[in-house]
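**Student:** model this:
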Amino acid sequence: MKRKTASLLFILSFLLSATAPALINLATANPLPAPPILEVYIRSDGTLDPATAPIQQTGNTYTFTGDLTNATITVERDNIVIDGAGYKLQGNGPIWNTGITLTNRRNVAIKNIDIRDYSDSVSLTGCSNVIIYRNNMLTAGNIILDSSATNQIVGNNIVGQETGYGYCVHIENGAADNLIMGNNFSEAGSAVTIYSSSGKNNTFYHNNFFANSNNVVGWIEDEEANVWDNGAEGNYWSDYRTTYPNASKVAGSAVGDTPYLIDDGRSDIYPLWAPFDVESVTLELPEWASPLSVRLISPGNATYTSANVTLGFTVNKQVSWLGYSLDGQEMVAVTGNVTLTGLSNGLHNVTMYAEDALENIWKSETTYFTVEVPEPSPTSNPTSSPNSSTNPDSFPIVPVVATVSIASTVLILAGLFFYFKKRKQ
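**Tutor:** Predicted coordinates:
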């Protein structure tokens, strides 16, 4: 019996050892479906869908108020800013989904987001004037520029999650005139990949290429049209000094004296001698990305003794409409400072609103103030005297005095008349 049991165990062990590699390969070739994700949309009318996503909308700015986990964002609106405020946009693995997707969009700024665990961090297709600024990215493939032009990738820290095949920036299908400046590209299979038959004038400088399996790979016709410096300084390549042990730093500059050969047809003429300080990169966002600010100057949080109070405010740029709401009532359009009239006694509140040229509505903080108009004093009348003429029983003092005065005069004149008459006699 024992021998039969041992034989059976041996056969089972043999079968498992023979089939295990096949089972593993099968699991690898047919991975489990991606876990469910939260699909977040910034709709063409500016609304956030779903409204419960931890993102606060203020005018054309969408600011994270917490981490977004197992979520993706699709942008359907132009002229907006997505500010991660340092929070995470977390995916569900490097083989599924794209963190932020933009198709045929223009004038969008994406900044301050920590993006992790996606097949790609940000994908641009047919986009222009998109700014990707000061983000941290750790995904298999990070940024895709597909048939997109005049975009800026500036001040990002980008790590390839899959060292074997991941990339930091991928350019394809005629993506042209893009600026890639002041980024860290590290630990990627290929930091920059360029596959395009017509992409030209993409400019790379002040980027740091750290410990990548390949720094730049790809194919493009007329490759010399892409630029790897700003005319004075290029990029930092972590293998520069080992590749060119006889190179030295050019006196009075930050570059080495030997061009860095990227591959056939590509060279960085002014390779940096030391890593560039990416934290020093600043980028002034264009006007469309600068939030409109409307601020109330008057009234303040105070008590007013008049029923008429000045409504004074300032705005920081051109607007297409202005208005205010008093005590939560309907908005009233204005063109400048006005006076709130006929205010009742008690607590009031007022909020200013402004609409910019892109039809985004902005509002000020609500100001609370109190009106306390003093009650008017009663009309003062002199106290009536008991001898007043208004009292029918009072004695008429003034007429008596006048009568007495006339009588006295008559007596005096009569006396004088008789006196002079007697003397003549």
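
**Student:** only C-alpha atoms from now on, for both contacts and neighbour counts.
**Tutor:** Noted.

**Student:** okay, which residue is most central for the chain?
**Tutor:** Nearest to the geometric centre of the chain sits residue 61, at 4.2 Å (C-alpha atoms, centre = their mean).

**Student:** distance of the closest residue to residue 363 other than its chain neighbours from residue 132?
**Tutor:** What sits nearest to residue 363 in space, not counting adjacent residues and going by C-alpha to C-alpha, 6 or more residues apart in numbering, is residue 353, at 4.3 Å. Separation of residue 353 from residue 132 (C-alpha to C-alpha, to the nearest Å): 30 Å.

**Student:** same check on residue 348?
**Tutor:** Distance, residue 348 to residue 132, using C-alpha to C-alpha: 44 Å.

**Student:** what of residue 263?
**Tutor:** Taking C-alpha to C-alpha as the measure, residue 263 and residue 132 are separated by 27 Å.

**Student:** look at these two and report which has more neighbours.
**Tutor:** residue 132 (22 against 11; other C-alpha atoms under 10 Å).

**Student:** just checking, that one touches residue 157?
**Tutor:** No - Residue 132 is beyond contact range of residue 157, at 11.1 Å (criterion: C-alpha atoms under 8 Å).

**Student:** any low-confidence regions in the stretch 301-425 of the chain?
**Tutor:** For the stretch 301-425 of the chain, the stretches with pLDDT under 70 are 379-425.

**Student:** let me fix that, I meant to ask about the stretch 151-300 of the chain.
**Tutor:** In the stretch 151-300 of the chain, residues with pLDDT under 70: 162-164, 197-199, 220-224.

**Student:** can you name the residues that contact residue 205?
**Tutor:** For residue 205, the contacting residues are 180-182, 228-230, 233-235, by C-alpha atoms under 8 Å, 6 or more residues apart in numbering.

**Student:** let's see that with 10 Å instead.
**Tutor:** If a contact means C-alpha atoms under 10 Å, 6 or more residues apart in numbering, then residue 205 has 179-183, 227-236, 268, 270-272, 276 as its contacts.

**Student:** repeat that for residue 209.
**Tutor:** Counting by C-alpha under 10 Å, 6+ apart, residue 209 has contacts 183-188, 191-192, 215-216, 235-240, 275.

**Student:** ok so, going back, show the buried residues in the contacts of residue 205.
**Tutor:** Buried by 16 or more other C-alpha atoms under 10 Å: 179-183, 227-229, 233-236, 268, 270-272, 276, out of the contacts of residue 205.

**Student:** which members of these are positioned in strands?
**Tutor:** With DSSP state E as the criterion, strands contain 179-181, 236, 268 from among those.

**Student:** could you dump those into TSV and include distance to residue 147?
**Tutor:** Below are these laid out as TSV (distance: C-alpha to C-alpha, whole Å):
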residue	distance to residue 147
179	14
180	16
181	19
236	27
268	25
